[in-house]
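In: Please find the sequence and the predicted model below.
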Protein chains: 4
Amino acid sequence: MWLHVSCQLNFEFEVPTSFILMLRPRSGAQQWIAREEYNISPTVPVTEFTDVYGNLCQRLVAPAGAFAISTAAEVKTPDLLDSAPGAAFVDVCNLPETVLNYLLPSRFCESDRFGSMALELTAGCLLGYDQVAAIENWLRANIEYIPGSSSVPISSIEVNARQSGVCRDLAHLGIALCRALSIPARMVVGYLHGLYPMDMHAWFEAFVGGRWYTFDATQNSEKCGYVAIGYGRDAADVALYTQFGPSAPPLQQVVSVSRL
Amino acid sequence: MWLHVSCQLNFEFEVPTSFILMLRPRSGAQQWIAREEYNISPTVPVTEFTDVYGNLCQRLVAPAGAFAISTAAEVKTPDLLDSAPGAAFVDVCNLPETVLNYLLPSRFCESDRFGSMALELTAGCLLGYDQVAAIENWLRANIEYIPGSSSVPISSIEVNARQSGVCRDLAHLGIALCRALSIPARMVVGYLHGLYPMDMHAWFEAFVGGRWYTFDATQNSEKCGYVAIGYGRDAADVALYTQFGPSAPPLQQVVSVSRL
Amino acid sequence: MWLHVSCQLNFEFEVPTSFILMLRPRSGAQQWIAREEYNISPTVPVTEFTDVYGNLCQRLVAPAGAFAISTAAEVKTPDLLDSAPGAAFVDVCNLPETVLNYLLPSRFCESDRFGSMALELTAGCLLGYDQVAAIENWLRANIEYIPGSSSVPISSIEVNARQSGVCRDLAHLGIALCRALSIPARMVVGYLHGLYPMDMHAWFEAFVGGRWYTFDATQNSEKCGYVAIGYGRDAADVALYTQFGPSAPPLQQVVSVSRL
Amino acid sequence: MWLHVSCQLNFEFEVPTSFILMLRPRSGAQQWIAREEYNISPTVPVTEFTDVYGNLCQRLVAPAGAFAISTAAEVKTPDLLDSAPGAAFVDVCNLPETVLNYLLPSRFCESDRFGSMALELTAGCLLGYDQVAAIENWLRANIEYIPGSSSVPISSIEVNARQSGVCRDLAHLGIALCRALSIPARMVVGYLHGLYPMDMHAWFEAFVGGRWYTFDATQNSEKCGYVAIGYGRDAADVALYTQFGPSAPPLQQVVSVSRL
């Protein structure tokens, strides 16, 4: 499936503001970026770097006044993302070094507090993929997905208490539960075709059977139309933009995803 | 100052247990490891790797039954760690890429919630080193340091509410406050000469004036006798040992530090 | 200066052929990629990765038969690349760790054999930038630049013996001479506006005064219109495409660079 | 097998001399460093870093006058290193990213010039381990191993012309032949128990069947008693010490290996 995705951000700053942006999708195992655009107005010097999770990030200082960023891409994604019921749990001693980082608790995923709950939710499951699928199903059934219901990110403990949340919140709780079972799990942000209302989306991946698989408790189980932009331990690592200094949320954030 | 440091851990496991250890100090800008020992009993295969923070970590599966780890080192440390009142704040756009990671909130350092408090505590300070020194002083004056007072790590929000904590807790709150000011800050665990009661110690570093400086609100301001073992965003990253599976804390943990 | 650059490669394979490609320019200190395209025909699965030099590379298996790759980008480049006569030599003990790799001899830059020659060519120069500028001038005066004169890469020793070569050859000799003086130097491949005959280009960078500067003995000293695609120790690291298996050079390679 | 290894280097410098050292073995899949010593006299500030190949390296400036380095370690090594006749060739598209670097030609391993020779030597072999074993056997039979016969490193082309060489030379030619077959191969330097005359040793590893295997054409086929210190593309990457400035070889280099 070929998708056209775009994101437009408009800011208005009172003072020059330092920014780290994460808006450039990379070609990877499950997506190919055939065409890409990245415009900034007014033009300022930008430095690009790769963060510890492999994301392409940009640093810049936005001047006072109006500041606009617009990005777009044409991406080939699979018609159906891989799933693998039965894929085995990988013992910590056999995990690739690069995924060990995703076993630890993080800002919004307090996996150290979810041990018993995770065991309970997955009781009777084959270790591995089926545990994660059980977590995904439990989230779908028990945490109400209400797009737009939170502004500031809340942590998995808070999500579990509220029993509802935005996509990011369900992902955080899913990640915390996986890690509590010693299954590496990471946050993904990006685009999703057909999302309503259209916006940036967040989901999670779990490492079982020797590779990463996609899970998303906010959608039905058929997984397609995902375009990943950033990977990290949780929302703290994969903010599309991080401002330093006085907070000034975008006046406008317009996201679009359409089939080519 | 030449120090001899050692750490002995004794476990008793009911089932084979996967472990990640972080017990090998590395030579660095402020310490030189002239001699080192690392023994495991019974002998099992061990894989060593470098994590994303540059720490040397070991992976192994401890068998059921008694399991002992003993490490020791002879280390040259400075007579006095560097301090630099007046060292300048480094704007985000000029920070080295490798420290950007330490600006983000993490499991035990919810810096996203400490913006106003950090500004208040450091009002009137020169931006940079002096802000961090003010935070350190505030912690010393306001958060009671009670060695042994907590077992499970608690986060900076909880520490701030309790107004007391162990070394790790004071470090977490210090880190959260620094990051809230866009100053990169990281957790360090290791040995400290003269610590009473003797145990592993935790402190923090802040990046100002182009390099990392050591801060420790649990001690007087003269800084010496520190031997770093691990660096990370917070205690989640720098656990001396991380067990996977049923928790079984060490029966015994003996730490020693003496002058050579 | 805004440039439109493109590269089209056409192959004809008798058997399926493994490939590593390096055709995707990255935004960096001196260039901003505002728009980019990357097409492969027929479509095959592609994996993208970042190599040890920070280059974005693609792996794929081209099927038997016709195979085409076309890439294009719109890039903002400086009107004039920085130069810095007098910029100081950085002693090895003060170099950033990430550049140490560029001090060592490599496949096509046998810097271990150029010690006396490098000292001779730069006698009387201020250590640092001026030594590199003297090397660049010496190359311009003594090694004849003959585009298209070699097909297989030859090494700096061979270039020095022949006294002529393509852009890659002059860069290799320049790099070897810099490294012989303990100045880190690296190869860059990419596009150059106004190059005649138009083709991919190669030049080199030297690390003096705390950063990388661009040198190119095949052109006049005014440096502008460069778009870097890949960085490495020498041509072995920065091949636009590396084939594994029976060699089958492209039937056609069309490169274009124009002002927007 | 437990080994005690040590290396003592004595220099005499006329001027302060910058150094990069690689003398600290790391625990890895096939060896465990239980005890280690590293002494420098006179004492100077040392910075340790990890290079792109994962080696622990030290940077320092040796003062004018006598300068001594002594290192020692107690190491557990396997009684017999793994061998795996029949282990399969891994196609480039399936190799781990981290080994791709070892497919490219390097300073002393001009693999780009050994295509036909490598095919000829391994004609009829199963692709993979057996090809490397055939190369090792060919080296053993055709390149005379003469310890101490060369001082300056020479490249695989020169080794092949001379038909004799030191351990490093045989390794270089072996590596070049492997890479010419698209088999990743790397240089290893370290200690070897029973080597006569005792000195530092060099051998090579090839990546087949999904992991690295050890090869050494200077010894009989039973492989044991190896302690690796450094890994790299060739001798340029794994020098035990690299001096910058006027060359001053060690007055004395004493190496010892004994069973514990």
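Out: Structure received.

In: C-alpha from now on. contacts and neighbour counts both.
Out: Noted.

In: what does the stretch 151-260 of chain A put close to chain B?
Out: For the stretch 151-260 of chain A, the residues in contact with chain B (C-alpha under 8 Å from any C-alpha of the partner chain) are A:181-182, A:236-237, A:244-245.

In: try it again with 7 Å
Out: Residues of the stretch 151-260 of chain A found near chain B (C-alpha under 7 Å from any C-alpha of the partner chain) are A:182, A:236, A:244.

In: what residue ranges in the stretch 1-150 of chain A score low on pLDDT?
Out: A:150 (pLDDT under 70).

In: Let me see the ranges of the helices in the stretch 51-200 of chain A.
Out: Along the stretch 51-200 of chain A, counting by DSSP state H, counting those that start in this stretch, helices occupy A:97-100, A:115-121, A:129-142, A:156-162, A:167-180.

In: Which positions within the second one qualify as buried?
Out: Judged by neighbour count using 16 or more other C-alpha atoms under 10 Å in any protein chain shown, the buried positions of helix A:115-121 are A:115, A:118-119, A:121.

In: can you narrow the residues you listed to ones near chain D?
Out: Of the buried residues of helix A:115-121, not one also sits near chain D (C-alpha under 7 Å from any C-alpha).

In: Return the member of those residues nearest to residue D:187.
Out: residue A:115 (45.3 Å; C-alpha to C-alpha).

In: Could you find the closest non-adjacent residue to that closest one?
Out: residue A:180 (5.0 Å; C-alpha to C-alpha, 6 or more residues apart in numbering or on different chains).

In: Likewise for residue A:107?
Out: Closest to residue A:107 by C-alpha to C-alpha, 6+ apart is residue B:107, at 3.6 Å.

In: Contacts only, for the residue in the stretch 1-150 of chain A positioned nearest to chain B.
Out: Proximity of the stretch 1-150 of chain A to chain B (C-alpha to the nearest C-alpha) peaks at residue A:107, 3.6 Å away. Residue A:107 makes contacts with A:236, B:105-108, B:110, as judged by C-alpha atoms under 7 Å, 6 or more residues apart in numbering or on different chains.

In: quick one: which of those residues is most hemmed in?
Out: The residue in the contacts of residue A:107 with the most neighbours, by other C-alpha atoms under 10 Å in any protein chain shown, is residue B:106 (31 neighbours).

In: For that one, which non-adjacent residue is spatially closest?
Out: residue A:107 is the one closest to residue B:106 (C-alpha to C-alpha, 6+ apart), at 4.0 Å.

In: circling back: closest to chain C out of the contacts of residue A:107?
Out: The closest of the contacts of residue A:107, once distances to chain C are taken by C-alpha to the nearest C-alpha, is residue A:236, at 23.2 Å.

In: so that closest one makes contact with residue B:105?
Out: Yes: between residue A:236 and residue B:105 a contact is recorded at 6.3 Å, counting by C-alpha atoms under 7 Å.

In: which stretches of the stretch 1-150 of chain A form strands?
Out: All strands of the stretch 1-150 of chain A, identified by DSSP state E, counting those that start in this stretch, fall at A:2-13, A:17-21, A:32-41, A:47-50, A:56-62, A:65-76, A:144-145.

In: So the second one, near chain B or not?
Out: Yes: taking C-alpha under 7 Å from any C-alpha as the criterion, strand A:17-21 and chain B are in contact, through residue A:18.

In: Kindly format the C-alpha coordinates of that strand as PDB.
Out: C-alpha atoms of strand A:17-21 as PDB (Å, rounded to 0.1, in the frame of the first residue of the first chain):
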ATOM      1  CA  THR A  17      13.100  28.900  21.100                       C
ATOM      2  CA  SER A  18      15.300  25.800  21.000                       C
ATOM      3  CA  PHE A  19      13.800  22.800  19.400                       C
ATOM      4  CA  ILE A  20      14.400  19.100  18.900                       C
ATOM      5  CA  LEU A  21      12.200  17.700  16.100                       C
END
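
In: Point out the other elements, helices or strands, that it touches.
Out: Under the contact criterion of 3 or more C-alpha pairs under 7 Å, 6 or more residues apart in numbering or on different chains; DSSP states H and E, strand A:17-21 touches strand A:56-62, strand A:241-244.

In: Not counting its own residues, what contacts it?
Out: So strand A:17-21 is contacted by A:57-63, A:240-245, B:92-93 (C-alpha under 7 Å, 6+ apart).

In: now with 10 Å?
Out: A:46-48, A:56-64, A:69, A:238-248, B:91-94, B:100 (C-alpha atoms under 10 Å, 6 or more residues apart in numbering or on different chains).

In: Sweet, I'm off.
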